[in-house]
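Student: here's a sequence, model it:
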Amino acid sequence: LGPCCSTMISRNNMILLVLLQASTVSTAFIISPHPRSLKLTPLGPTASNGLTYEDIQVGDGDAASSGDNISVHYVGKYMTGSAETLFENSREAKVNRGVMGAGEGDPIIFPVGKGKVIAGWDQGIAGFEDIPPMRVGGKRTLTIPAGLAYKEEGRGVIPANQDLTFDVELLSINIQEDNIIRKVFLGSVPAVFGFLILNSIYLYVTGQA
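Tutor: Modelled structure (predicted):
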């Protein structure tokens, strides 16, 4: 073969080599076991009863444990086919029903782990199996199967046997419910004693005692 043919073959070999190297690099990228830039934040572990969580923000305060009196803001929703229904937002509703002095937009207050709320909340906030307890300042999404929510009865606008999703924010632990009865009691007792003392002094001074 002449020198021109030899040159063409060498160039073809170089082109083929470059293509092979590029193919190797792209293949390595595709099958890389750690494609971090493409990976979405996964849901956390799913407990044996179907409860699943995702920490949106891990708090830096104390961890909740069963029996703690906690305050929580939340948004509750569920899916019907491809449609999402938001059924309650604690920042826009009166959620402390039955508590005197509770106002609209107040966080809900309850003893966690004591059955005062649905089981999915107790377990998803205080911790269960591989699900760690929430910490104050934390935000967590709980995906709760119907069996840990309102079961076959449903509740209000929530259908029977409905799985629910809650976005939960743990605000504080071991707080006191500062309701109207407590305020009136604490404020009126000193006033009553003060009145009785002043009245006794008045009766004594005027000779009516």
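Student: residues near the closest residue to residue 156 other than its chain neighbours, how many?
Tutor: Nearest residue to residue 156, sequence neighbours excluded (CB to CB, 6 or more residues apart in numbering): residue 87, at 7.2 Å. C-beta: built from backbone N, CA, C; applies to glycine. Other residues lying near residue 87 total 15 when counted by other CB atoms under 10 Å.
Student: the chain should start at 45 in everything you say after this.
Tutor: I'll keep to 45 as the first residue from here, and by that count the last item is residue 131.
Student: and the one helix or strand residue 131 maps to, what's buried?
Tutor: Remark: residue 131 resides in strand 127-133, with elements defined by DSSP states H and E. Neighbour counts over strand 127-133 (16 or more other CB atoms under 10 Å) mark residue 132 as buried.
Student: that strand packs against which elements?
Tutor: strand 113-124 (3 or more CB pairs under 8 Å, 6 or more residues apart in numbering; DSSP states H and E).
Student: check the nearest residue to residue 173 once chain neighbours are set aside and give its pLDDT.
Tutor: Nearest non-adjacent residue to residue 173, counting by CB to CB, 6+ apart: residue 91, 4.5 Å away. The model reports residue 91 with a pLDDT of 88.
Student: contacting residues around residue 91?
Tutor: Each residue near residue 91 by CB atoms under 8 Å, 6 or more residues apart in numbering is listed here: 167, 172, 173, 174, 175.
Student: now a ChimeraX select for only the buried ones of these.
Tutor: In ChimeraX, a selection of the buried entries from the contacts of residue 91 looks like this (16+ other CB under 10 Å):
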select :167,172,175
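Student: identify the farthest-apart pair in the contacts of residue 91.
Tutor: Largest separation among those by CB to CB: 167 and 174, giving 11.3 Å.
Student: these two touch, right, residue 109 and residue 170?
Tutor: Yes. Counting by CB atoms under 8 Å, residue 170 is a contact partner of residue 109 at 5.9 Å.
Student: compare the two and say which is more crowded by neighbours.
Tutor: It is residue 170, of residue 109 and residue 170, that has more neighbours when counted by other CB under 10 Å, with 21 against 14.
Student: how about that one, what does it touch?
Tutor: The contact partners of residue 170, taken as CB under 8 Å, 6+ apart, are 108, 109, 110, 112, 156, 157, 177, 178.
Student: can you tell me how far it is from residue 216?
Tutor: Separation of residue 170 from residue 216 (CB to CB, to the nearest Å) stands at 15 Å.
Student: cool, and residue 153?
Tutor: Using CB to CB, we find residue 153 at a distance of 9 Å from residue 216.
Student: next one: residue 149
Tutor: Residue 149 is 16 Å from residue 216, by CB to CB.
Student: out of the two, which sits in the busier spot?
Tutor: Comparing residue 149 with residue 216 by other CB under 10 Å, the one with more neighbours is residue 216, at 17 against 13.
Student: so what sits against both of residue 109 and residue 170?
Tutor: With CB under 8 Å, 6+ apart, residue 109 and residue 170 have common neighbours 156, 157, 177.
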